[in-house]
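>>> just the structure for this:
(chains A and B)
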There are 2 protein chains.
Amino acid sequence: MDDLRIEKYLSRRSSLLKASQVRELLKWIGRDVISLGGGVPDPASFPLDELKQILVQVIEEKGSSALQYAPTEGVEELRQALAKFMGEKGIKAEAENILVTSGSQEALELVARVLFDKDDTVISENPTYLGALQAFSLYEPRLEGVPMDDNGLIVEALEAKIKKVVASGRRVKLAYLIPTCQNPTGKTLDANRRKRVLELAEEYDFLLLEDDPYSYFYLDGVEPRSLKSMDASGRVIYVSTISKVLAPGLRMGWVVAERDLIEKLVLAKQGVTLQSTTLCMYVLLEALKRGLVAGQMPKLREIYRVRRDTMLEALDEYMPEGVTWTRPSGGMFVWIEAPSNIDMDALLPVALNKYKVAYVPGSSFHVDGSGRNTARLSFSYPPLNALREGVARLASLLVEHMSRVS
Amino acid sequence: MDDLRIEKYLSRRSSLLKASQVRELLKWIGRDVISLGGGVPDPASFPLDELKQILVQVIEEKGSSALQYAPTEGVEELRQALAKFMGEKGIKAEAENILVTSGSQEALELVARVLFDKDDTVISENPTYLGALQAFSLYEPRLEGVPMDDNGLIVEALEAKIKKVVASGRRVKLAYLIPTCQNPTGKTLDANRRKRVLELAEEYDFLLLEDDPYSYFYLDGVEPRSLKSMDASGRVIYVSTISKVLAPGLRMGWVVAERDLIEKLVLAKQGVTLQSTTLCMYVLLEALKRGLVAGQMPKLREIYRVRRDTMLEALDEYMPEGVTWTRPSGGMFVWIEAPSNIDMDALLPVALNKYKVAYVPGSSFHVDGSGRNTARLSFSYPPLNALREGVARLASLLVEHMSRVS
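A predicted model of the protein is given here:
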C-alpha cells in the first residue's frame, strides 16, 4: 500500500502547516513525564455529575432534535442564551450577533478565512497563542508582533508599529489580542491601555479580534472590561469558549460580532464543518440555563489560584539566578525567560528524556521565530506535588545547561 | 452599533462563499411547507434509547476523559475501532490510516486544503454534492464535471475529459466521486466502471476521493465494492460519516488514507478545529463496540426502501409527461429533470410561498451552473403522506408552469 509518494500531490499551502508543539506534547501525558505543556484543564474542575444529569435531560426532553441536523449558525435558543450570557459580561448582543463554533479554534479559522488576504497586515501581541498563528498562517497575512510589559501590550509600541505600516503604504487590517490572562504570558492589559487600543483602531480604521478564554477565572480582583464591551462602532470581533470553564471535550466556542460579519462567517462555516455538534449545543444551553457556567467560577478561581501560587512558589524556590518569569493574573500559564544563550527548543528532548518534564518552547508563540530562550509553563494539569517536582526538574535542567554554556 | 461597513474588510476569498441552498431550506422545516429539501434523516431511524444508555455509560466509565482534550487525530481506541469497522466493509486499514473528523464536511475541507492549489484540475461527477463544491471552491481548483447515466459516471466521458486536460498541458490532480447512491442523483457506479476508474487513476496518476455516506443502506441487493477496497497503490482517499446511519447531530466522520497523508491532514485539522468532540468520539466508540452501527442497517434499509418507493409511486402518479427522474438504489434522493425551458431556480420562491413545498434546485449541484431545469428531491424526512402530498404539490407547480411556457 505504501507505493505512493504523497509529496508530489500536496498543495503549496500544505508546506505552511506546522505541527503544534502543544498538541505533540499531549502525547507525553500519562507517561513518567510531568507535563507543564498543554493548557489542559484540571479534570477536578469538570462538573461531571451535573453534566451527566444534563445529558440525560437533553436526550429525554429534546429527544431526536438533539441528534438531528441544526442550523449552521447554531441552535436558536443557544444563540439567545449566549447573547444573555454575554450581557452578564457587559457585552450587548442579540442572537443574530452570535455564531456557535467548534471550539474557539474554528472561530479563529473562520475569521481569518473571511478577512485575511495574502500580505494583509495583522498585528498581535508577541508572543501570542500558537493556535491563532496556525489558523492565520494558511492565509499568509504579514504578522507583526508588538511586545508586552507587566501591563500587557505596550500601546506606544503598537502605535509605532501601526505608523510604520502606514508609512510603508499599507494598512493594518486587524489586531488580534488576548487582553486578559494572555496565552502564553498570563499578562493582562490594563484598563487605560484598552481604551487606547480602541482609539487607535478607530483612528487607523482596523478591526480588533478579542480572544477571551480565561477571563472567567481572573484572580486579581475585578477584571478589566472586555474590549467588546467598550466597542462603540462594531469593530471588535469577540471570541470565547467553554473549554476552560466547563469542558474542552464538548468543543463549544462562539463569536460575537456585527450581524453582517456573522452572516459571512456562517457561509464560511458551511464549507468547513457544516455545523457544530447539536448534542453539545443543547448541553451548553442547559448548562447556561442552570447557571452552571457562572456557578463554576468560584471553584475555578480556587483551583487555579492554588495552582498558580504553587508554581510561583516552586519557581522562587528552585530557579537559578538569571531566569525570570511572569506573575499571571489568571489563566493557566507562566512565561519564563532564561539567559539569552539558552536554547529552550534544543533543550526540549533533554527535558523529556532525561529530566522527564515537558514545557512548550517559547519560539512557537513568536510571530518571528524569536524567543528561543523562553518557554511557557502550564500550571493547570499536574497534581500539586508533581507541579512542584516539574518545576524542580526544569530548574535542574537549566542549572546544568546555564553552567555549561557560560 | 451598525456604523461599520464590513465589506471593506473582507478577503477576496470571501466573495467565493455561496450560501448552501440546502442549509437555507432547513429553515423552512416545521412550517406549513413540506420539505423535499435537505437530506435530513428520518428521526425514527435514531436509536434514541441506546444512545441515551451509551451517553450515561460513557460518562460513568470514561469520566472526565470524555470531557477532556483528546489527540487531533482522534481517540486511539476509536481509530482502532473504525479501522476494524472499515475491515468489515472490505477496506484494509490500521488506526494510523484513520483521521476522525467533525462530520465528512470537515474531511472534504481538509483534503482540499492539503491537496488543492489554485487552478489544479479536479474532476467530479456532474451534478455532485454541493457541500463538496463549497469546501473545494475556496481553494479555486478548476472543477471539471463528467456526466452520468443509469450506471453512474460514464467512464468513456471521464477518459475523454482526462485526455483533454492532458492535451492542454495540465494534469488531473484528483477525481472526487460518490460511487454509491450518489448525491444528488441516487445513482450507483457499477462494478466494471469502478475498475476502469481505478485503472485510469493509475494510468494518469491522479488521486481519488471516495465519499461514501450512503452505502450502509444500499437497497438493490449486494452493494458494489468500494473503490478503497480495490485500491492497490494507496491513491484512494476514503471519507465517510455516521450522519446518515446513526445521527448527524453527533458530527462524526472519518478519513481513511495512507499514513503520510493522514499526518498532513492532522496538521491541517489542528488549525481548523483542533480536534473533534471527545464526548461524541467515545459515544461512537461504544456504538461500534456494541455493533449498534451495523445493527442499524436492516432498520435503515426498511425505512428508506419504503420512503423511496413512496416517492417513486407518487412521481409515477402525479408528474406530468415531460418530467423524468432517477430510480435510486439507495441514499435519500431522487433527481428530476423538467423540460429545458423550466427554471427550477426561479420557481423555488413560488414553490415555497404558493405551493408550500421545498426542493433543492439542481443548478446548485452543477460544477458549471447548468442544470437549471433539474432538482433534487429528498425522500428522507417527511411523513409518508406528506411525501406523497409534497410530490403532488410539486407536480401541480410544474403542470402550471409547463403549460404557461409552452
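
>>> can you pull out the helices in the stretch 51-200 of chain A?
A:76-88, A:103-115, A:130-137, A:155-167, A:191-203 (DSSP state H, counting those that start in this stretch).

>>> of those helices, which stretch is the most buried?
helix A:103-115 (a mean of 27; mean count of other C-beta atoms under 10 Å in any protein chain shown). C-beta here means a position set from N, CA and C on the backbone, and glycine is covered the same way.

>>> that one and chain B in contact?
Yes: using C-beta under 8 Å from any C-beta of the partner chain, helix A:103-115 reaches chain B at A:103, A:105-106, A:109, A:113-115.

>>> now for that helix, which elements pack on it?
When contacts are defined as 3 or more C-beta pairs under 8 Å, 6 or more residues apart in numbering or on different chains; DSSP states H and E, helix A:103-115 packs onto strand A:98-101, helix A:130-137, strand A:207-211, strand A:236-241, strand A:253-256, helix A:259-272, helix B:259-272.

>>> as CSV, those with mean pLDDT would be great.
What follows is these, written out as CSV (pLDDT from 0 to 100):
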stretch, mean pLDDT
strand A:98-101, 98
helix A:130-137, 94
strand A:207-211, 98
strand A:236-241, 98
strand A:253-256, 98
helix A:259-272, 95
helix B:259-272, 95
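
>>> can you add distance to A:Thr324 and give these back as CSV?
Output for the helices and strands packed on helix A:103-115, formatted as CSV (distance: least, C-beta to C-beta, whole Å):
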stretch, distance to A:Thr324
strand A:98-101, 36
helix A:130-137, 21
strand A:207-211, 25
strand A:236-241, 30
strand A:253-256, 33
helix A:259-272, 40
helix B:259-272, 30
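
>>> quick check, the longest helix along chain A touching chain B?
For chain A, the helix that runs over the most residues, judged by DSSP state H, is helix A:292-318. No: using C-beta under 8 Å from any C-beta, helix A:292-318 never reaches chain B; the gap is at least 12.6 Å.

>>> one more: stretch A:189-200?
No: figure legend: stretch A:189-200 not in contact with chain B (C-beta under 8 Å from any C-beta); closest approach 13.2 Å.

>>> C-alpha coordinates for that stretch, PDB please?
Extracted C-alpha coordinates of stretch A:189-200, given in PDB (Å, rounded to 0.1, in the frame of the first residue of the first chain):
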ATOM      1  CA  LEU A 189      -3.900  44.500  29.500                       C
ATOM      2  CA  ASP A 190      -4.800  47.300  31.900                       C
ATOM      3  CA  ALA A 191      -7.900  49.400  31.500                       C
ATOM      4  CA  ASN A 192      -6.300  52.600  30.200                       C
ATOM      5  CA  ARG A 193      -4.400  50.700  27.600                       C
ATOM      6  CA  ARG A 194      -7.600  49.000  26.500                       C
ATOM      7  CA  LYS A 195      -9.200  52.400  25.800                       C
ATOM      8  CA  ARG A 196      -6.100  53.400  23.900                       C
ATOM      9  CA  VAL A 197      -6.200  50.300  21.700                       C
ATOM     10  CA  LEU A 198      -9.800  51.100  20.800                       C
ATOM     11  CA  GLU A 199      -8.900  54.700  20.000                       C
ATOM     12  CA  LEU A 200      -6.100  53.500  17.700                       C
END
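
>>> how distant is that stretch from the center of its chain?
20 Å (C-alpha atoms, centre = their mean, to the nearest Å).

>>> got it, and stretch A:90-97?
22 Å.

>>> so what touches that stretch?
Applying C-beta atoms under 8 Å, 6 or more residues apart in numbering or on different chains, the external contacts of stretch A:90-97 come out as A:76, A:79-80, A:82-83, A:86-87, A:225-226, A:228-229, A:238, A:256-259, A:262, B:1.

>>> which single one of the residues of helix A:103-115 next to chain B is nearest to B:Arg290?
A:Gly103 (28.2 Å; C-beta to C-beta).

>>> thought that closest one was touching A:Met252?
Yes: taking contacts as C-beta atoms under 8 Å, A:Gly103 lies within contact range of A:Met252: 7.0 Å.

>>> overlap in contacts, the two.
With C-beta under 8 Å, 6+ apart, A:Gly103 and A:Met252 have common neighbours A:241, A:243.

>>> how about the nearest residue to A:Val245 once chain neighbours are set aside, what does it touch?
Nearest residue to A:Val245 in three dimensions, chain neighbours excluded: A:Tyr216, at 4.4 Å (C-beta to C-beta, 6 or more residues apart in numbering or on different chains). Going by C-beta under 8 Å, 6+ apart, A:Tyr216 touches A:244-245, A:293, A:296-297, A:300.

>>> nearest to A:Pro328, of the helices and strands packed on helix A:103-115?
strand A:207-211 (15.9 Å).

>>> A:Ser370: how many residues sit nearby?
13 (other C-beta atoms under 10 Å in any protein chain shown).

>>> confirm it sits in a strand?
No: counting by DSSP: H, G, I helix; E, B strand; the rest coil, A:Ser370 falls outside a strand, being coil.

>>> still on that earlier bit, angle of the longest helix of chain A against helix A:76-88?
Helix A:292-318 and helix A:76-88 are oriented at 50 degrees to each other (axes from the mean of the first three to the mean of the last three C-alpha atoms, to 10 degrees).

>>> need the next SSE after the helix or strand of chain A with the lowest mean pLDDT, C-terminal direction.
Least confident helix or strand of chain A, by mean pLDDT, DSSP states H and E, is helix A:21-26 with a mean of 73. Downstream of helix A:21-26, the next assigned helix or strand under DSSP states H and E is strand A:34-35.

>>> please see if that following strand touches chain B.
No: Strand A:34-35 does not reach chain B (C-beta under 8 Å from any C-beta); its nearest approach is 11.7 Å.

>>> partners of that strand in the sheet?
Using DSSP bridges, the strands paired with strand A:34-35 in its sheet are strand A:357-358 (parallel).

>>> to B:Ser65, which of the helices and strands packed on helix A:103-115 lies closest?
When those are compared (using C-beta to C-beta), the closest one is strand A:236-241, at 19.3 Å.

>>> packing partners of that closest one?
helix A:103-115, strand A:207-211, strand A:253-256.

>>> and the angle from it to strand A:207-211?
20 degrees.

>>> pipe the helices and strands packed on strand A:236-241 into JSON lines and attach distance to B:Arg308 per row.
As requested, the helices and strands packed on strand A:236-241 are exported to JSON lines (distance: least, C-beta to C-beta, whole Å):
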{"stretch": "helix A:103-115", "distance to B:Arg308": "35"}
{"stretch": "strand A:207-211", "distance to B:Arg308": "48"}
{"stretch": "strand A:253-256", "distance to B:Arg308": "39"}
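
>>> nearest to B:Pro349, of those?
helix A:103-115 (27.8 Å).

>>> if we can go back for a sec, tell me the most packed of the contacts of A:Tyr216, by neighbour count.
Most surrounded of the contacts of A:Tyr216: other C-beta under 10 Å gives A:Lys244, at 25 neighbours.

>>> what residues are up against it?
A:39, A:41, A:213-214, A:216-217, A:300, A:332.

>>> tell me the confidence at A:Leu17?
Looking at A:Leu17, its pLDDT reads 86.

>>> once you drop chain neighbours, what's closest to it?
A:Leu17 sits nearest to B:Leu267 (C-beta to C-beta, 6+ apart), 4.0 Å away.

>>> so that neighbour is in contact with A:Arg13, correct?
No: with contact defined as C-beta under 8 Å, B:Leu267 does not reach A:Arg13; the gap is 11.2 Å.

>>> break chain A into its domains for me.
For chain A, automatic domain parsing gives the domain ranges A:6-47+A:295-405, A:64-292.

>>> so the residue nearest to A:Thr326 when sequence neighbours are not counted, which of the three states?
Once flanking residues are discounted, A:Thr326 sits nearest to A:Trp335: 4.6 Å by C-beta to C-beta, 6+ apart. Using three-state DSSP, the structure places A:Trp335 in strand.

>>> quick one: buried residues of the helix or strand harbouring A:Glu50?
In this structure, A:Glu50 sits in helix A:48-62 according to DSSP H and E. Within helix A:48-62, the residues that count as buried by 16 or more other C-beta atoms under 10 Å in any protein chain shown are A:48, A:50-52, A:54-55, A:58-59, A:62.

>>> that's all I had, so thanks and see you.
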